[in-house]
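**Student:** need the 3D shape of this:
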Amino acid sequence: MFGAPLVSPDAGPIPGVPLDQPKNLFRFGEQSLWSTQLHVAGTALANGTFRTFTTPQGQVGQGFVTSLSISETNLKEGGRVPSGVAYDVFGIAGQVMATNNTADDGQFTASFNRGQAQIAQTEAAPIQDIQNVVNNGVLSWDFTQTVVDICPLMLAGGGGGLYGSIATGTANEIGNMSNGSGGVWMYRKHPVALPGNTTFAVVIRYGSRAGTIGASQGCGIRLVLLGYYKNVIEIG
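**Tutor:** Numbering: from 1, shown residues only. Modelled structure (predicted):
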């Protein structure tokens, strides 16, 4: 018969079809947000608290004395999820890097090519600084009036200990170290929801046994939030 639904008797009720055109559409996608903290040479870490995701691109803060660039952060507004976008964090990673200078003018190369005469004296210093941060750092959410601990830094993605290679003996031998390349280990089952316009920060905290950053170089920590975003597109 014309107009008879061709469905199985066991298929259940036929879903209703709206008579009006939808007024908006939901847009989904994956995106990461990142922010970097710099500890210059001589920074005391013991019992210290350092707030990340508070300084947007093009501004100064989080230990830097020059403007943060795209390598350090992709935030357009400090401490805030973009308006109209809901963001669910399903992973957090932490990369710890040594600089090749004592202040903000250094690069995050962690290179040990400093000449044969200096290698024996300086090669251990960046490794010690990175291990100091990895072993003593703890990450926490800061939602203005609520602080929620996340995990020790060594469990945040790029943690897990130092790896790399160092060679000594000639001035041309170079070694590189980072804090490991582990997988994303936090929030595998239960994402953290950050609704649009949420004010937040990720705090790096250190215990009483954390050492002081050495005098020969600085140390940077780049934190990356991995997640899904959802926003509404008005179409009518």
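
**Student:** from here on, contacts and neighbour counts on C-alpha atoms
**Tutor:** OK.

**Student:** next helix or strand past the least confident helix or strand in the chain by mean pLDDT?
**Tutor:** Ranked by mean pLDDT, DSSP states H and E, the weakest helix or strand in the chain is helix 116-122, scoring a mean of 44. Sequence-wise, the next helix or strand downstream of helix 116-122 (DSSP states H and E) is helix 124-136.

**Student:** so where's the protein shaky on pLDDT?
**Tutor:** In the predicted model of the chain, residues 1-27, 83-84, 110-123, 159-185, 232-236 satisfy pLDDT under 70.

**Student:** let's see it at 80
**Tutor:** 1-29, 82-85, 100, 105-127, 157-189, 196-197, 231-236 (pLDDT under 80).

**Student:** where along it do the strands fall?
**Tutor:** In the chain, the strands defined using DSSP state E lie at 24-39, 49-52, 85-98, 137-142, 147-152, 163-165, 176-178, 192-194, 201-206, 219-234.

**Student:** in its sheet, which strands sit next to the fifth one, and in what direction?
**Tutor:** This points to strand 147-152. As defined by DSSP bridges, the strand partners of strand 147-152 come to strand 137-142 (antiparallel).

**Student:** and for the strand it pairs with, what's in contact with it?
**Tutor:** By Cα atoms under 8 Å, 6 or more residues apart in numbering, the residues outside strand 137-142 that reach it are 147-154, 200-207.

**Student:** between the residues you listed, which has the most around it?
**Tutor:** When the contacts of strand 137-142 are compared by neighbour count (other Cα atoms under 10 Å), residue 153 ends up highest, at 28 neighbours.

**Student:** report the separation between residue 102 and residue 40.
**Tutor:** 6 Å (Cα to Cα, to the nearest Å).

**Student:** more crowded one of the two?
**Tutor:** A count of neighbours by other Cα under 10 Å puts residue 40 above the other of residue 102 and residue 40, at 25 against 20.

**Student:** wait, what's in contact with that one?
**Tutor:** By Cα under 8 Å, 6+ apart, the residues touching residue 40 are 63, 102-104, 213, 217-219.

**Student:** so residue 157 touches residue 96, yeah?
**Tutor:** No - Residue 157 sits out of contact with residue 96 when judged by Cα atoms under 8 Å, with a separation of 10.9 Å.

**Student:** which one of those two has more residues nearby?
**Tutor:** Just comparing residue 157 and residue 96: by other Cα under 10 Å the higher neighbour count belongs to residue 96, 27 against 22.

**Student:** for the residue lying closest to residue 91 once chain neighbours are set aside, grab the count of nearby residues.
**Tutor:** Closest residue to residue 91 apart from its sequence neighbours, by Cα to Cα, 6 or more residues apart in numbering: residue 226 at 5.0 Å. Residue 226 has 21 neighbours, counted by other Cα under 10 Å.
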